[in-house]
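In: I'll drop the sequence and a predicted model, then ask my questions.
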Amino acid sequence: MRKNVQDHKPPMGKEAKAWMQDEIAAQEVRYKAIVDEIDGIENERAAWIEEFLRLIQTRGFYVTGDTKRVIPKEEIPKKPNRADAMRVIW
């Protein structure tokens, strides 16, 4: 079987492993802060979405430079019926 360069990974040193662990811990802290902030404004986000849907159904939006299109209610997707439907993924 042929071996490719991308199939071989050099061993990671102790210093690099420690740095990776520090970075992972720091990213998890940042991620939790973002999740808490987004979850804290869930009602406000729902209002923003409702306003956006109302605007594209009444005023429409510009598809190209001067071509405006109003979105009929039938084309608006329904919100999924599950707990994580409004979950923001980073």
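Out: It's in.
In: helices and strands around the longest helix seen in the chain, which ones?
Out: Longest helix in the chain by number of residues (criterion: DSSP state H): helix 14-40. Contact analysis of helix 14-40 by 3 or more Cβ pairs under 8 Å, 6 or more residues apart in numbering; DSSP states H and E lists no helix or strand as a packing neighbour. C-beta: built from backbone N, CA, C; applies to glycine.
In: I'd like the mean pLDDT over the helix or strand following that helix, please.
Out: Next along the chain after helix 14-40, taking DSSP states H and E as the criterion, comes helix 42-58. Confidence over helix 42-58 (mean pLDDT, whole number) is 93.
In: List the buried residues of helix 42-58.
Out: Within helix 42-58, the residues scored as buried using 16 or more other Cβ atoms under 10 Å are Ile56.
In: just checking, what packs against it?
Out: Helices and strands in packing contact with helix 42-58 are not found; criterion 3+ Cβ pairs under 8 Å, 6+ apart.
In: That one to helix 14-40, inter-axis angle?
Out: Orientation of helix 42-58 against helix 14-40 (axes from the mean of the first three to the mean of the last three Cα atoms, to 10 degrees) gives an angle of 70 degrees.
In: contact partners of helix 42-58?
Out: 38, 61, 70-73, 76, 86 (Cβ atoms under 8 Å, 6 or more residues apart in numbering).
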